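Peer 1: Below is the sequence, then the predicted model.
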Amino acid sequence: MLEIKNLHAKVGDKEILKGINLTIGDGEIHALMGTNGAGKSTLSNVIVGNPAYEVTEGSITFNGQNLLTMNTEERAHAGIFMSFQAPIEIPGVSMTNFMRAAVNARRQAQGKEPLKSTDFLKLMREKRKLVEIDQKLMNRSVNEGFSGGERKRNEIFQMAMLEPTFCILDETDSGLDVDALRIVAEGFNKLRTAETAAIVITHYQRLLDYIQPDFVHVLMGGKIVKTGTAALARQIEEQGFDWIKEELA
Amino acid sequence: MTSEQQYIEFYREASDLIKNKSCGVMNAVRDEAFETFQQLGFPSKKVERYRYTDVDAAFAPNYGISFAPLTVKPSLYIFNIKDAPIDVAPYYHKVADRLDAITALNTALVHDALLVYVPKNTKVADPIVVDNWLRGTAATMMNRRILIVMEQGADATIIINDHAADKQRFLTTQVIEVFCHDNARLDLYEIEETTPLCSRFSNVYIHEGRDCSVKHNSITLFNGQTRNLCDVYLRGENSEVTLNGCAIGSGSQRIDNNTLIRHEVPHCTSSELYKYVVDDKSVGAFAGKILVEKDAQKTESQETNANLCASSEARMFTQPMLEIYADDVKCAHGSTVGVMDEVALFYMRQRGIPEAEARTLLKNAFMGQVIDQIKNEPLRQRLYVKVEKRFRGELDKCDDCRLCK
Amino acid sequence: MTAMSEKNETPENMKEKTEGQGKNEFVRSVAEKKYEFGFTTDVQTEIIEKGLNEDVIRLISDKKGEPAWLLQFRLDAYRYWLTQKQPTWGHVHLPEIDYQAISYYADPTASSKKGPKSVEEIDPELMKTFDKLGIPLEERLALSGTAVDAVMDSVSVKTTFKEKLSEKGIIFCSISEAVKQYPELVRQYLGSVVPPKDNYFAALNSAVFSDGSFVYIPKNTRCPMELSTYFRINARNTGQFERTLIVCDEGSYVSYLEGCTAPMRDENQLHAAIVEIVVMDNAEVKYSTVQNWYPGDSEGRGGVLNLVTKRGDLRGVNSKLSWTQVETGSAITWKYPSCVLRGDNSQAEFYSVAVTNNRQEADTGTKMIHLGKNTRSTIISKGISAGKSQNSYRGLVRVGKNADGARNYSSCDSLLLGSECGAHTFPYMDIHNNTATVEHEATTSKINEDQLFYCNQRGISTEEAVGLIVNGYAKDVLNKLPMEFAVEAQKLLSVSLEGTVG
């Protein structure tokens, strides 16, 4: 599904990614772990095409398409979705208008007619139930006045609406209590199809208890320095990252 | 010849004609206003309140001055001033600033006036709508005068729409005087939707007695050059005023709003919210002053001006001012000029919303905060649609006035 | 008075508040010592005839032994000044100034050097002021008796200073001296930031400036100490027209302090100064002022007319300039320390506390002119009005067409003490670039009565509480001052507001 080769990227003058190689097949869950500043968020922002990041070398292909020539919204239309670590508030733009614009833009890209209002509202209702998000949040502006938990749940709700094939969960567990974590993770699992692949970025094992990774990668200094299975994540949870540094040294 | 000279000469020749077409109450102050105008001339940019508008240039072209009679549809509350059911002498040219050159010129040249009169304790359920249509086959100057008298406990909503029916150069001067007696409530909306060929100079003066509530909304959707002045005099305790404005500029449009809220007595509240989106080579200017006089204790005032510059050649000038002579007050103002939130743009694009659409949504949301405060539901809904159309470039003429269709 | 230690710098700035004739003597004695050691003026002896004409300018220039180009500079400025009218803008009532009734050159060392000899001879009012300032008795004695130790102290500081400075190639001297010793440097920069035709008072200053300081920091030099100048107006019917020029070359740093006082006079004294600052690539200048000119009496008689042009030119990339001012004195203050952010990534700051009491009028603020890319400016202004005074903030933020990514944040708060004063805010924002972010906030309110009550309940008098609260209110700005000045400024605030509440 996704193939990253020798990816280098910088923010401003600072090079953060220094040669990432990563292949993700259909239906695979890849956990990405690493200390702060290792480049995890940079990698996810580069995949989705945040204009603040500049790719200096390497390639990313997504189902055979060259992602790097596509802009942010084209990538989204291709089925890539990011659950943001800190979803932004957009005052004055209601959730309903926001989602309608997003759903219809994607439909247009797929050559479909825009949804009729009634059908759209029906879709909203169904998906809302699926991820257990309160109707009252839908009447507000995007993320405005949402609690940390509500924002994360709103991300999963949007994922439900847009039905991506590839998801990046960027520290979706941060700021969530155990119950909220369970609801969000279960929401994600419900939405997954056999094809859906994902990158799960986390510092903790607990999210991986709900979303079982097929592979675990450790990112350090802008490179993937170690790859393993779910057992690697458990080892990191117990021992931290120092042993990996020592191994490398 | 300076610009004012042609108006001075015109008046000397035509004053008898104007007086014949007009009425006693208007003629009573006409010569004095002319003298004032003659002395002042057009304000230069050195005059503080006119620093952002080149008045002289706007009045320089040779316009034909319209003396078409004012046609008023028969209505319970709207009158030609000549048919006024009350004595208007205590009101006409009484709250207006007699030392403002534009007001003086208007007073000298205007031959007809509209009166909106709402009697004591009358609550007018439906909005009173005044439609101004600019029509002409040559470059035309219109001088418009509106007097609004709200008696004690009167309650009304007035919507004044400005349209240009012909693709012609129009220059408008307008003076609106509003008298709110004690306990009156007024929502006054002015919506300009003209063409890039139009220049508008509008001066609004509002007097509030005790326990009054006035909301004034100035909405510039489409225009050429607009200069709006609004002065509010809070002269009775426990009154409140809200001045809101929304200005959208593109092309080479210019929008200059200049407001003054004068707190003369204690216990009044004022709030002000003006928002601008300036695109292309348009120029926006906002200057708002809150003046709290010595005895106006317990004044509360909040003024906000927020602006979005959407292109590299757009210009924005902003000047929020506080002038305060009383100590027991809570006054604040804030002003911002900024760019679109890049993080929000990215978030929207990640969800697949194309960049241009995301920008439109954000501009809409930005203006929406002014439109949200409009109490009249049908008007509010209409403006949501119009503002959005404006940002989509679909509003390049006044699209819903009967004459254009 | 320079680089003053905490204990001995304050009385100079404070004494005008209460002193009578006798104390003037004292003030003079302290001040003269300073001058004697060449801090601000050359040692000359007389006051020249009142009045202003080309002969007077030639005389000034001649007395100072100036080169021909400088005389021409003065004459050009004078001829321009003659064509201009005294400005009327600003929220102040500037009286008609009779420019012919002023003497344009005076030398303080001509005055008497008498002073009180013991603590007993000091006016009890002055003693009270000292008490407020927390100056111990022995120091009062030292200061008032002969002031030798105290003044000697600060002089010795300066002497060490001078050695250290010259080691590093730093020039710090009076501008008259600089004209003689470094004519090329002075000629290169004088008038390059504030041109003589900039405004009416700048033209006047350029024509008749008497003295002031010159600072040059060579490349890649961190000035090891704070440089300080102390200005006073001593003689009657004289104007003070000092001129300061600071050039901070590439990669260098300097912090400069300016203190001002004038003794009590019952007629207005004119002060029209110019400060020019040039900041080159990667250089940084901090300029701090505590202005305590005589504010006039409670009826508004007398006091200094403080009409000053201060401007910094951030010519270099990554250059930084910060103005910090505490303005408590003068009958009328008309002053806008400004920054031209020419170099890319340059940063400018303006921090101001302005206190007005009695009949004082202040119209002060800043201009931030963004010309370079990614330039940043911050404005924090705190106005405090009491008595029958008028206190205005006036500021301009202009973002030029090419100043991509410019940012400004302005916050202007006003505090009102009493119902007869005024507090005004007149910000101007002219934005010519769509990538700029400019934010302005302002609030005006009265002193919080709950806070006052809380202090009272804890046994703090209202007057003291006002001092505390006002200092808290002004803290953001006071924190930006160098230590010595911060302490002085805090005390000044409390004293300036004495008797305003309760």
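Peer 2: On my side now, so go ahead.

Peer 1: Now for the closest residue to chain B within the stretch 51-200 of chain C, how many residues are close by?
Peer 2: Minimum separation of the stretch 51-200 of chain C from chain B (C-beta to the nearest C-beta) falls at C:His91, amounting to 7.8 Å. In this view, the C-beta of every residue, glycine as well, is placed from N, C-alpha and C. The local packing of C:His91 (other C-beta atoms under 10 Å in any protein chain shown) involves 17 other residues.

Peer 1: Spit out the contact partners of it.
Peer 2: Residues near C:His91 by C-beta atoms under 8 Å, 6 or more residues apart in numbering or on different chains: B:323, C:361, C:363, C:390, C:392, C:394, C:424, C:426.

Peer 1: got the residue ranges for the helices in chain B?
Peer 2: B:3-21, B:24-27, B:30-40, B:55-59, B:101-109, B:342-350, B:355-371, B:377-391 (DSSP state H).

Peer 1: and these, which is most packed in?
Peer 2: Here the criterion is mean neighbour count by mean count of other C-beta atoms under 10 Å in any protein chain shown, and of the helices of chain B the winner is helix B:101-109, at a mean of 25.

Peer 1: Columns neighbour count and distance to A:Val216 on top of the contacts of C:His91, output as CSV?
Peer 2: CSV is the format used below for the contacts of C:His91 (neighbours: other C-beta atoms under 10 Å in any protein chain shown; distance: C-beta to C-beta, whole Å):
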residue, neighbour count, distance to A:Val216
B:Glu323, 21, 65
C:Glu361, 27, 71
C:Asp363, 22, 66
C:Gln390, 21, 69
C:Ser392, 27, 64
C:Arg394, 24, 62
C:His424, 25, 64
C:Phe426, 23, 61
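
Peer 1: Out of the residues you listed, which comes closest to chain A?
Peer 2: Minimum distance to chain A across the contacts of C:His91 is 29.4 Å, recorded for C:Phe426 (C-beta to the nearest C-beta).

Peer 1: Test my guess that the closest one contacts C:Tyr393.
Peer 2: Yes - with contact defined as C-beta atoms under 8 Å, C:Phe426 and C:Tyr393 form a contacting pair (6.7 Å).

Peer 1: Can you report phi and psi for the residue of the stretch 201-350 of chain C found nearest chain B?
Peer 2: Taking C-beta to the nearest C-beta as the measure, the point where the stretch 201-350 of chain C comes nearest chain B is C:Tyr336, at 15.6 Å. Per-residue torsions, C:Tyr336: phi -140, psi 80 (degrees, to the nearest 10).

Peer 1: Distance check, it against C:Ser352.
Peer 2: Applying C-beta to C-beta, to the nearest Å, the value for C:Tyr336 to C:Ser352 is 10 Å.

Peer 1: Those two: who's more crowded?
Peer 2: Per other C-beta under 10 Å, whichever of C:Tyr336 and C:Ser352 has more neighbours is C:Ser352, with 27 against 19.

Peer 1: quick one: the host helix or strand of the more buried one near chain B?
Peer 2: With elements delineated by DSSP states H and E, C:Ser352 resides in strand C:347-356, which encompasses its position. No - contact check for strand C:347-356 against chain B, using C-beta under 8 Å from any C-beta of the partner chain: none in range, with a minimum separation of 13.1 Å.

Peer 1: Just after that strand, pick out the following helix or strand.
Peer 2: Toward the C-terminus, strand C:347-356 is succeeded by strand C:361-364 as the next helix or strand (DSSP H and E).

Peer 1: Next secondary structure after that next one?
Peer 2: Next along the chain after strand C:361-364, with elements defined by DSSP H and E, is strand C:367-370.

Peer 1: wait, what's in contact with B:Lys375?
Peer 2: In this structure, B:Lys375 makes contact with B:157, B:187, B:215, judged by C-beta under 8 Å, 6+ apart.

Peer 1: Right, and chain A sits closest to which residue of the stretch 151-300 of chain C?
Peer 2: Among the residues of the stretch 151-300 of chain C, C:Asn282 lies nearest to chain A; the distance is 17.0 Å by C-beta to the nearest C-beta.

Peer 1: If I look at C:Glu46, what pLDDT would I see?
Peer 2: Confidence at C:Glu46, expressed as pLDDT, is 53.

Peer 1: Helices along chain A, start to end?
Peer 2: Listed from the start of the chain, chain A has helices (DSSP H) covering A:40-48, A:72-77, A:95-109, A:117-130, A:135-138, A:148-162, A:178-191, A:205-210, A:230-239, A:242-248.

Peer 1: returning to that earlier point: give me the common contacts of C:Phe426 and C:Tyr393.
Peer 2: The contact lists of C:Phe426 and C:Tyr393 share C:Gly365, where a contact means C-beta under 8 Å, 6+ apart.

Peer 1: Around residue 188, count how many other residues there are.
Peer 2: Let's take chain A. With neighbours defined by other C-beta under 10 Å, the count for A:Phe188 comes to 25.

Peer 1: Let me rephrase: I mean chain C.
Peer 2: The local packing count at C:Gln188 equals 11, with neighbours defined by other C-beta under 10 Å.

Peer 1: on that earlier part again, could you list every helix and strand that the strand holding C:Ser352 packs against?
Peer 2: The criterion is 3 or more C-beta pairs under 8 Å, 6 or more residues apart in numbering or on different chains; DSSP states H and E, and the helices and strands that strand C:347-356 contacts are strand C:303-314, strand C:320-327, strand C:338-341, strand C:361-364, strand C:376-386, strand C:390-399, helix C:475-478, helix C:483-496.
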